[in-house]
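Peer 1: Sequence and predicted model, in that order:
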Amino acid sequence: MTGGLLALVGRIWLVAILIFLYAPILVMALMSFNASPFYQLPFEFTWRWYQDLSGNAQIATAAIRSVLIAWVTTLIATALGTAASIALFRYDFRGKRVLQILLFPPIAIPWLITGTAMLTFFFAIGIGRGTPAVIIGHVALALPYVIVTVTARLASFDITLEEAARAMGANTWTVLTRVTLPWISPGIVAGALFAFAVSFDQFVVSYFLSEPGDTTLPVLIYTAIRKGFTPEINAVSTIIITISMAIMFIAARYSKIGGNN
Amino acid sequence: MSQVEVSHVTKRFGTMTALDDVTINFTDGGFFALLGPSGSGKTTLLRTIAGFYFPESGTIRIGDIAVQKVPVEKRDIGMMFQNYALFPNMSVADNVGFGLRVRKVSRNEEARRVAEALELVQLGAFAARRPQQLSGGQRQRVALARAIVTKPKVLLLDEPLSALDKTLRVDMQIELKRIQREIGITTIFVTHDQEEALTLADQIGILKAGRIVQVGAPRDVYDHPVDAFTAGFLGDANWVPDSAMSGLTLPREPDGFRFATRPEMLTISQDRPAPGTNSLPGKLKQRIFAGTMATCIVDVNGESWKLTARDRDIPQIAANDDVWISWVPRDTMAVPR
């Protein structure tokens, strides 16, 4: 009886949390399909705001920019992160523990502070603002996510598989491409998806490091909101959220498959 | 096929000396067991021969080539691991063919040799399966097929049977011996199971604390251990108390030697045995029945002696009764002190 009651309370609690998390997003998504530009009810369905979007060159440019930056970030962060994970897994060296611990704070440090620090640093060393700075910044933010997911997958990797391959005459490259990488590929895919999401959704660092005019989608949304809400922004945001959530779902699936495939 | 010569090899890990001036020869086509307790260096020796470790000093020759500085992938060896180490992302056939693909053997040639190797281990029908779909014994055989398909110079086995249960292990021992004979490959395998070593090998090398203690044929090593450690490690040894030596017929002068017998050499009786055999009085402490065989624990001069025989050959004697233990004098082992 008490067990049933507890389960009921638990279920209500879960529903409350989900409402808390998703209600604002849901309202926004609904309003992107509402005909009234002033969010007036009754709800009247329309595609109008999405059609307006396709005609909006500014948003299209920003979207393409965002996707391109996210792609480049994903490629670099995934390659670097995977290599780093394998190195951390395979070799013992002085300061390895410290290095592993130092990988995590960037996830916890407020982006505002990371962004300020990067801006100061990039100006000090002469990179300044611009697309390279944005990409470097995004890679730095995405790297820990890649390392965490790939390292988690590597934890279940049996190192004797590499030894067996070497005993059969495989050189380092063959061992890596034929044995190690196939095993950790679900972790790499999950890490890449996280990296893409981190970059694509990134506002603060992009805002700080972009040259004026070279806006990414989140930055554009922010600027637009300052001028006043429009249903068009709701439409863009709904698209971004759908993409991001889809990516996260796939990433979560891959990292779960990780252990027992 | 080649012989393997290890001479004066020393391998250290930090301050720990894992192999201490090890010299041992593995003759062409022989089946060798490296036997020793854990930490004795037997696995280190195998992995040094394989090329996973480079020795600090000494030479290793496989065939005519000095390989002590050659990395494992260039040594042309076949190796089988304790946990099989089959690639989970490849089929059985692809696992077995891996070494051939690395060697850029043609597709047809690969298929032919993989089929041949799988046939040899009686797994011809399992080529398309994944390792995860096989039983422990079958994985074992895939690992063996994979290790020999490239026709390596030497086959190295790292406790290959320890993960199997007892009945399966005995089947695999017979299988392993058959295959080794059939292809005649020089084989070195590491085990801590003395029975397995005695069953399989034609030569046994016993290691202790990074040193080779004794090398020889199983029967020689079993019957003529060079020290108390080897005597006790290969089987149970009953040590003749120094005080009891006077009445016995011993194989040599006792200075510098101790004497012992194996449990299966002993006879137990209540009557004093006829002269001409070695006999000692004692007290029966315990009789342990184990199917066909039985073990008796007998107190001889304060030492605990062990006797094994077919259960039906042991007379019915009550515990704590006085008994005589006897054995044929030539079954006495003389072990240097």
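Peer 2: Okay, I see it.

Peer 1: Just the C-alphas of stretch B:63-81, formatted as CSV.
Peer 2: Extracted in CSV, the C-alpha atoms of stretch B:63-81 (Å, rounded to 0.1, in the frame of the first residue of the first chain):
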residue,chain,number,x,y,z
GLY,B,63,65.1,-19.5,-35.6
ASP,B,64,68.3,-17.8,-36.7
ILE,B,65,67.2,-14.3,-36.0
ALA,B,66,68.0,-12.3,-32.9
VAL,B,67,64.7,-10.7,-32.0
GLN,B,68,65.2,-9.1,-28.6
LYS,B,69,64.8,-5.6,-30.1
VAL,B,70,62.1,-6.6,-32.7
PRO,B,71,58.6,-5.5,-31.8
VAL,B,72,55.9,-8.1,-31.5
GLU,B,73,54.2,-7.5,-34.9
LYS,B,74,57.4,-8.3,-36.7
ARG,B,75,58.3,-11.5,-34.9
ASP,B,76,56.1,-13.9,-36.8
ILE,B,77,54.5,-15.5,-33.8
GLY,B,78,51.1,-17.0,-33.0
MET,B,79,49.7,-16.2,-29.7
MET,B,80,46.6,-17.3,-27.7
PHE,B,81,45.4,-15.3,-24.7
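
Peer 1: Now tell me what touches that stretch from outside.
Peer 2: A:160, A:163-164, A:166-171, B:2-3, B:9, B:49-52, B:54-55, B:58-62, B:143-144, B:146-148, B:150, B:152-158, B:160, B:185 (CB atoms under 8 Å, 6 or more residues apart in numbering or on different chains). (Glycine included, C-beta is placed from N, CA and C.)

Peer 1: Filter those residues down to the buried ones.
Peer 2: A:160, A:163-164, A:166-170, B:2-3, B:9, B:49-52, B:55, B:58, B:60-62, B:143-144, B:146-148, B:150, B:152-158, B:160, B:185 (16 or more other CB atoms under 10 Å in any protein chain shown).

Peer 1: among those, which are in helices?
Peer 2: A:160, A:163-164, A:166-167, B:49-50, B:143-144, B:146-148 (DSSP state H).

Peer 1: Reformat these as CSV; add pLDDT.
Peer 2: Formatted as CSV, these follow (pLDDT from 0 to 100):
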residue, pLDDT
A:160, 91
A:163, 93
A:164, 94
A:166, 93
A:167, 93
B:49, 94
B:50, 93
B:143, 93
B:144, 91
B:146, 93
B:147, 92
B:148, 91
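
Peer 1: Okay, buried residues for stretch B:261-277 please.
Peer 2: B:261-263, B:265-268.

Peer 1: May I see those organised as JSON lines, with pLDDT, secondary structure and distance to residue B:334 added?
Peer 2: Below are these laid out as JSON lines (pLDDT from 0 to 100; DSSP: H, G, I helix; E, B strand; the rest coil; distance: CB to CB, whole Å):
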{"residue": "B:261", "pLDDT": "91", "secondary structure": "strand", "distance to residue B:334": "11"}
{"residue": "B:262", "pLDDT": "91", "secondary structure": "coil", "distance to residue B:334": "13"}
{"residue": "B:263", "pLDDT": "91", "secondary structure": "helix", "distance to residue B:334": "18"}
{"residue": "B:265", "pLDDT": "91", "secondary structure": "helix", "distance to residue B:334": "14"}
{"residue": "B:266", "pLDDT": "90", "secondary structure": "coil", "distance to residue B:334": "17"}
{"residue": "B:267", "pLDDT": "89", "secondary structure": "strand", "distance to residue B:334": "21"}
{"residue": "B:268", "pLDDT": "90", "secondary structure": "strand", "distance to residue B:334": "23"}
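
Peer 1: which one of the residues you listed sits closest to residue B:205?
Peer 2: residue B:262 (20.7 Å; CB to CB).

Peer 1: Next one: the closest one from chain A, what distance?
Peer 2: 37 Å (CB to the nearest CB, to the nearest Å).

Peer 1: Quick check: that residue vs residue B:201, distance?
Peer 2: 19 Å (CB to CB, to the nearest Å).

Peer 1: got it, and residue B:33?
Peer 2: 4 Å.

Peer 1: One more: residue B:252?
Peer 2: Where residue B:201 is concerned, residue B:252 sits at a distance of 28 Å (CB to CB).

Peer 1: Counting neighbours, go ahead and name the busier of those two.
Peer 2: Set residue B:252 next to residue B:201 and count neighbours by other CB atoms under 10 Å in any protein chain shown: residue B:201 wins out with 24 against 10.

Peer 1: As PDB, could you dump the C-alpha coordinates of stretch B:6-23?
Peer 2: Presented in PDB, the C-alpha positions along stretch B:6-23 are these (Å, rounded to 0.1, in the frame of the first residue of the first chain):
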ATOM      1  CA  VAL B   6      66.600 -17.400 -24.700                       C
ATOM      2  CA  SER B   7      70.000 -16.600 -23.200                       C
ATOM      3  CA  HIS B   8      70.800 -14.500 -20.100                       C
ATOM      4  CA  VAL B   9      67.700 -12.500 -20.400                       C
ATOM      5  CA  THR B  10      67.000 -10.000 -17.600                       C
ATOM      6  CA  LYS B  11      63.800  -8.000 -17.400                       C
ATOM      7  CA  ARG B  12      63.000  -5.400 -14.800                       C
ATOM      8  CA  PHE B  13      59.900  -3.400 -14.000                       C
ATOM      9  CA  GLY B  14      61.000  -0.500 -11.900                       C
ATOM     10  CA  THR B  15      63.000  -2.000  -9.100                       C
ATOM     11  CA  MET B  16      61.400  -5.400  -9.500                       C
ATOM     12  CA  THR B  17      63.400  -8.000 -11.300                       C
ATOM     13  CA  ALA B  18      60.800 -10.100 -13.200                       C
ATOM     14  CA  LEU B  19      63.300 -12.200 -15.100                       C
ATOM     15  CA  ASP B  20      66.800 -12.700 -13.600                       C
ATOM     16  CA  ASP B  21      69.400 -14.000 -16.100                       C
ATOM     17  CA  VAL B  22      67.100 -16.600 -17.700                       C
ATOM     18  CA  THR B  23      68.600 -19.000 -20.100                       C
END
